[in-house]
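Novice: Structure for this input, please:
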Amino acid sequence: MSAGAADEVVFGAEPVTIAQICAVARGGARAVLNRDPGYRRRLAASRESLERQLAAGRVIYGVTTGVGESCENDIPPEQADALSANLLRLHGCGTGAFLTEEDTAAVMAVRLASLARGASAVRPALLERLVALLEHRILPLIPSEGSVGASGDLTPLSYVAAALAGEREVSFRGETMPAARALELCGLAPLPLRSKEALALMNGTSMMAGIACLAFERAHRLARAAAALSAVASDVMRGNASHFDARIFALKPHPGSALSAAWIRADLDYVPGAGGAAGARVQDRYSLRCAPQVLGVLLDALTLYQGVLETEINSVNDNPIVDADRDEVLHGGNFYGGHVAFAMDGLKAAVANVGDLMDRQLALLCNPATNNGLPGDLIGAVGAGRLAHHGFKAMQITASALTAEALKLTMPASVFSRSTESHNQDKVSMGSIAARDCQRVLELTETVAVIELLALCQAVDLRGPETCRSRSRQLHRAVRAMVPRNDADRRQDVDIARVLESLRAGALPFGAADPA
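Specialist: Next up is the predicted model:
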């Protein structure tokens, strides 16, 4: 995949990247199909090979046979197209909340990347129609539940196939409407799916991989935010900044730990040998002192999983696949989502540990026995009525509840393989469940980060911004432009929601994601 222009991503050329999938999903880049005539000929050759093999009377799973455990059922040639239509209708049984528009666009972009490899025997017109749906943001309503992750994400991806065929419902221009109506408004006709095409669309790992791409980018942004918050926590509690000295991390050189320590040093304006703040302990408690080591696990996991995910989204992961050069159909198991499941199970654990880190920092911050002179619960009220106020006591409880929920979700989904479909799918990946778990852990952990940020800004107010480091002052200014200081007990759910929206929009000054 390659970028032909700043806002254009070309599928079917160079390998896709996570960043490009995310750009298409968020509407920041247009998806286009490789225009090279040689590529178009190779793409068509896959379909032509399938047609030749059908004419020769070869047995092809899902075309001349039923699917799954029904693969021993012979399908007459005149019913092959009907089988394709029935297959997408059969799997219209998803449940649960719909994926977000961003998630759905990522799923579609990842499916496009796989089919654009040209080994799935779909017509070029089908790929162009996927591009058109992304261009017009005609996004199928995909229920989030119902996939075991092998044979791929059959049920969720049936909603993509259905939208192409003008069936079921889509989101378009802020409305929910029948797919056929949205296509009509854009001057498009429903695309009847030929033999093998519904199977090619559905029998792959694109739901789990699309969600995983978006989770990957969120987790990277969260790592930088957590480093900034750790620095501010050290600053307002007058911690010992020498815990983040580069020499320590040179002696245990995990790259992620070294990078997060560099971020924290920069955020603390650290000068080696300058000594600690007045009243600093010789060794801070672990949630301050070991913050780079905790964050380093997440950063190094992201490095590892980037390769795993980019291999997956560049793969041909349906079944069967076509070797057009030899006119052969290969029956295999590339739809198994084990690598994505492994990555998402690992990533959600690393993210939840960061949430736990921030929750522990918040507990230190609210406790007068550990916060180095700040008021208990960061109470900002003064005067005779001060004792009737409780500051951030309830906020700390909420953060603890969110953290507990995130930690609970770290149970690996992949170990819950179930035998399904008459014991044909008797070992499955649960990759989509792992990806959705990771998404939920990120939601919870981002909210913990915002609660800690609000508390840290309260601490900056109590210390006096002029006594704090530059990162503390920058974040304080950004938050105070949205929500006021807490000088008396009041509801803070609105504050959380407002700052959380800003965090997710990338509008908070957490600092550049590089060592400098």
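Novice: Which per-residue confidence value corresponds to the residue nearest in space to the middle of the chain?
Specialist: Nearest to the mean C-alpha position of the chain, counting by C-alpha atoms, centre = their mean, stands A215 at 1.6 Å. pLDDT for A215: 98.
Novice: Pretty sure it sits against L347.
Specialist: Yes. At 6.6 Å, A215 counts as touching L347 under the criterion of C-beta atoms under 8 Å. In short, each C-beta sits where N, CA and C put it, glycine included.
Novice: In the stretch 401-516 of the chain, what residue spans correspond to strands?
Specialist: Applying DSSP state E, counting those that start in this stretch to the stretch 401-516 of the chain gives no strands.
Novice: which residues of it score low on pLDDT?
Specialist: 514-516 (pLDDT under 70).
Novice: Try it again at 50.
Specialist: Scanning the stretch 401-516 of the chain with the threshold set as pLDDT under 50 gives 515-516.
Novice: ok, now the stretch 151-300 of the chain?
Specialist: Counting by pLDDT under 50, the stretch 151-300 of the chain contains no low-confidence range.
Novice: go again using 80 as the cut-off
Specialist: The model of the stretch 151-300 of the chain has pLDDT under 80 over residues 274-280.
Novice: can you map out the helices along the stretch 351-500 of the chain?
Specialist: For the stretch 351-500 of the chain, the helices defined by DSSP state H, counting those that start in this stretch cover 393-408, 431-463, 470-480, 493-504.
Novice: From the chain's centroid, how far away is the second one?
Specialist: Okay, so that is helix 431-463. How far helix 431-463 lies from its chain's middle: 15 Å, per C-alpha atoms, centre = their mean, to the nearest Å.
Novice: which of the residues in that helix are buried?
Specialist: Neighbour counts over helix 431-463 (16 or more other C-beta atoms under 10 Å) mark 431-439, 441-442, 444-463 as buried.
Novice: Tell me which of the helices of the stretch 351-500 of the chain sits nearest to A161.
Specialist: helix 431-463 (16.5 Å; C-beta to C-beta).
Novice: Show me what that closest one packs onto, helices and strands only.
Specialist: Packing partners of helix 431-463 (3 or more C-beta pairs under 8 Å, 6 or more residues apart in numbering; DSSP states H and E): helix 206-236, helix 338-366, helix 393-408, helix 470-480, helix 493-504.
Novice: out of the ones you listed, deepest packed?
Specialist: Of these, the one with the most neighbours on average (mean count of other C-beta atoms under 10 Å) is helix 206-236, at a mean of 27.
Novice: Dump the helices and strands packed on helix 431-463 to a markdown table, plus distance to L112.
Specialist: Formatted as a markdown table, the helices and strands packed on helix 431-463 follow (distance: least, C-beta to C-beta, whole Å):
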| stretch | distance to L112 |
| --- | --- |
| helix 206-236 | 9 |
| helix 338-366 | 17 |
| helix 393-408 | 32 |
| helix 470-480 | 37 |
| helix 493-504 | 26 |
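Novice: Need the residues touching each of A215 and L347.
Specialist: Residues touching both A215 and L347 by C-beta atoms under 8 Å, 6 or more residues apart in numbering: C438.
Novice: Before I go, just wanted to say thanks for your time.
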